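K.L.:
just coords:
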């Protein structure tokens, strides 16, 4: 009976710890080098500025900005996995898919140009890891 209770306690503790392992984009979840790779993809390979404007602050029509308070407000409360899923569908006319790391690198560039701090570890293209990182507003100084 004690062994069964101990196993139950360990399992319950693991669930609680995993639920509390939530991180935020303000925690430095990418590296500057990774964001640099993302910038090359955004500017040279994909050409996000063609739709989102040269400064990525929004294009014509209903093309949303990728930079600024509106971008942050649109994604606030979502996870990086949600953002990554959206990025993987862009641009809608792109016939070939990129590898998962490219999508994550693009995401890190978007974090960087929106003022989120870099850290020491690269963000990995693991959906479980990305689901644990929430998009939150920047803290005011």
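P.N.:
On my side now, so go ahead. Note that this is a predicted model, so its numbers are computed, not measured. Residues are numbered from 1 along each chain as shown.

K.L.:
Is there a neighbour count for residue 96? I'd like the number.
P.N.:
Using other CB atoms under 10 Å, residue 96 is surrounded by 4 other residues. Every C-beta, even on glycine, is put in place using the N, C-alpha and C of the backbone.

K.L.:
And for residue 25?
P.N.:
For residue 25, the number of neighbouring residues by other CB under 10 Å comes to 26.

K.L.:
In contact with the spatially most central residue of the chain, which residues?
P.N.:
Relative to the mean C-alpha position of the chain, the nearest C-alpha, by CA atoms, centre = their mean, is the one of residue 80, at 3.3 Å. Neighbouring residues of residue 80 by CB atoms under 8 Å, 6 or more residues apart in numbering: 25, 29, 107, 123, 130, 131, 133, 135.

K.L.:
wait, which of those is closest to residue 115?
P.N.:
residue 25 (10.0 Å; CB to CB).

K.L.:
can you list the weak-confidence ranges in the protein?
P.N.:
Applying pLDDT under 70 to the chain picks out residues 1-21, 140-141.

K.L.:
so where do the strands sit in it?
P.N.:
Using DSSP state E, the strands of the chain run over 23-24, 133-134.

K.L.:
what would those look like in CSV with distance to residue 37 and mean neighbour count?
P.N.:
Formatted as CSV, the strands of the chain follow (distance: least, CB to CB, whole Å; neighbours: other CB atoms under 10 Å):
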stretch, distance to residue 37, mean neighbour count
strand 23-24, 21, 16
strand 133-134, 18, 20
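
K.L.:
Of those strands, which is nearest residue 43?
P.N.:
Distance to residue 43, taken as CB to CB, is lowest for strand 133-134 among the strands of the chain, at 24.2 Å.

K.L.:
elements contacting that closest one?
P.N.:
strand 23-24 (3 or more CB pairs under 8 Å, 6 or more residues apart in numbering; DSSP states H and E).

K.L.:
Partner strands of the strand it packs on, with direction?
P.N.:
strand 133-134 (parallel) (DSSP bridges).
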